[in-house]
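*Asks:* With the input below, show me the fold.
(chains A, B and C)
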Amino acid sequence: MSAFPSRALSEWFRRDHRRLPWRETYDPYRVWVSEVMLQQTQVETVLPYYDRFLDRFPTVEALAAASEDAVLAAWSGLGYYSRARNLRNAARRVVADHGAHVPDDHERLIALPGIGRYMAGAILSIAYNRPFPVVDGNVRRVLSRLHGWPEPKERTLWDTAAAVARAGEPRVMNQAMMELGATVCTPNAPRCGECPLRRRCEARKTGAQAEIPLPRKRPPTVRVDLHAVLDRNRNGYLMREDRGLWEFPMLTDPPGDGFLHLGHCRHAITHHRVEVDVYRGALGRRKGYRRVRFDAVPVTSLTRKIHALAETPPNQR
DNA sequence: AATGCGTGGAC
DNA sequence: TGTCCAAGCAT
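*Replies:* Okay, the predicted model is just below:
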């Protein structure tokens, strides 16, 4: 077994990595914020949020002192809002229990809400340059192809990633693997000609890049028809707020007379001036209806518009 | 272990 | 236009 080509990889990273705002510092708090934002979220999406969020909450103390509403407002549009609530709660604990110092040991990091094995490894390696592994989707794909594993075991991936982190400067090695997966070893049409690992890559040897790694089995999509209730009263439309997100009440059965199905009323959103009534909790969270898969819901594209409208003060409309 | 979480990009 | 997909964390 030949050694991992750490030199080729680190030199490639130092030369070819994208210059991104969160790569201008190793400040643990900033690294942490970037990792939370980037979780399940693409770089392009995060870009407009990152600096703004840190202007608003420049330190872990500032974040800990902020209200949940203020943090959610800064997160609005990024999705996965429990990330923002966990981040704030974790910041409060860092201030209360660790003297506002982001922990530099695995046990204390992973005990914080919203920090799992990946994020602990990312903070330890990138901020503190300690040799802890990271396995995200990018690393998984790069390692699978490199070693020719169509269905890699988690255990094997983490063990292999740990060896990678130790093969050079941890913050460079880990970021290089993720950057490689994001920019070169992409899911479709990987640019193998530019890859610093190409001479060792098993998938490339056999031309099996497209089959490695195999997609994970997904449960079949269950379709559920949902009806958003568009209840126009004299002040506007009835809406509810679910932890910072505005939406129409939704029912599995068609609403009765006096209500309109949103699906028939798309124009209403853009053709009327919408005033928002806050409708809190009377339907219960998801009670009485189920949302099985988000993209099976026919009102998603409107939710964002509603959210934007709800945030605009009435005197600006 | 299987599932929900929100958004945006690919096709 | 709709449908699928990404891929970390908590539960």
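
*Asks:* need the residues of the stretch 51-200 of chain A near DNA strand B, please.
*Replies:* A:Gly77, A:Leu78, A:Gly79, A:Tyr80, A:Tyr81, A:Ser82, A:Asn188 (CB under 7 Å from any atom of the strand). Every residue, glycine included, has its C-beta placed from N, CA and C.

*Asks:* Can you read off the backbone torsions of the nearest residue to A:Ala167 once chain neighbours are set aside?
*Replies:* Ranked by CB to CB, 6 or more residues apart in numbering and with sequence neighbours excluded, the top spatial neighbour of A:Ala167 is A:Ser6, at 3.8 Å. Note on A:Ser6: backbone dihedrals following degrees, to the nearest 10 are phi -60, psi -30.

*Asks:* Counting neighbours, what do you get for the closest residue in space to A:Tyr128 that isn't next to it in sequence?
*Replies:* Of all residues not flanking A:Tyr128 in the chain, A:Asp104 sits nearest, at 4.8 Å (CB to CB, 6+ apart). Using other CB atoms under 10 Å, A:Asp104 is surrounded by 14 other residues.

*Asks:* Distance of A:Asp104 relative to DNA strand C?
*Replies:* According to CB to the nearest atom of the strand, to the nearest Å, A:Asp104 and DNA strand C sit 16 Å apart.

*Asks:* cool, A:Tyr80 as well?
*Replies:* 6 Å.

*Asks:* before we move on, what about A:Leu124?
*Replies:* Taking CB to the nearest atom of the strand, one finds A:Leu124 at 11 Å from DNA strand C.

*Asks:* quick one: that residue and A:His106 touch, right?
*Replies:* Yes: using CB atoms under 8 Å, A:Leu124 is in contact with A:His106, at 6.4 Å.

*Asks:* so what sits against both of these two?
*Replies:* Counting by CB atoms under 8 Å, 6 or more residues apart in numbering, the contacts common to A:Leu124 and A:His106 are A:Phe132.

*Asks:* Include secondary structure when you put the residues of the stretch 51-200 of chain A next to DNA strand B into a markdown table, please.
*Replies:* Output for those, formatted as a markdown table (DSSP: H, G, I helix; E, B strand; the rest coil):
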| residue | secondary structure |
| --- | --- |
| A:Gly77 | coil |
| A:Leu78 | coil |
| A:Gly79 | coil |
| A:Tyr80 | coil |
| A:Tyr81 | coil |
| A:Ser82 | helix |
| A:Asn188 | coil |
